[in-house]
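Colleague: this is the structure alone, sequence omitted:
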């Protein structure tokens, strides 16, 4: 099992940038794809971005393509999400998640992620 702790959320104006991080402990993340999901009040959890075990492949949700960048530092056991050109509709709680071990692809559904962080709030003002 792995413990995930997100940080870096906050309040930002529309058009601004923000980077959120996810620090992992308990086991190495090199056996897992990693992902970012977000959930706004009254809405379902939405896939934002995912990255494979080595960091060589990424996937993005349609609503964030070209604006967000996911990366990982396996040496630091840390996952990042760089967000740019933020919009009010990006407001949500952002969760990082570790994929079930030995899944080679980058899952986009929450059911294929086995460990979750508590989340960090990102609020984009208009």
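Modeller: The structure has been received and is ready for your questions. Everything quoted here is computed from the prediction, not taken from an experiment. Numbers count the residues shown, from 1 in each chain.
Colleague: what count of nearby residues applies to residue 68?
Modeller: By other Cβ atoms under 10 Å, 20 other residues sit near residue 68. Every residue, glycine included, has its C-beta placed from N, CA and C.
Colleague: who touches it in this structure?
Modeller: 48-49, 60, 81-84 (Cβ atoms under 8 Å, 6 or more residues apart in numbering).
Colleague: now, which of these lie within strands?
Modeller: 48-49, 60, 81-83 (DSSP state E).
Colleague: what's the local residue count around residue 27?
Modeller: 15.
Colleague: quick check: closest non-adjacent residue to it.
Modeller: Once flanking residues are discounted, residue 27 sits nearest to residue 2: 5.0 Å by Cβ to Cβ, 6 or more residues apart in numbering.
Colleague: quick one: low-confidence ranges for the chain?
Modeller: Nowhere does the chain drop to pLDDT under 70.
Colleague: element containing the one residue sitting closest to the centre of it, please.
Modeller: Using Cα atoms, centre = their mean, the residue of the chain that lies closest to the mean C-alpha position is residue 36, 2.0 Å off. Secondary structure assignment for residue 36, by DSSP states H and E: strand 34-39.
Colleague: so what does that strand touch, helix or strand wise?
Modeller: Counting contacts by 3 or more Cβ pairs under 8 Å, 6 or more residues apart in numbering; DSSP states H and E, strand 34-39 packs against strand 18-25, strand 46-51, strand 68-73, strand 78-83, strand 92-99.
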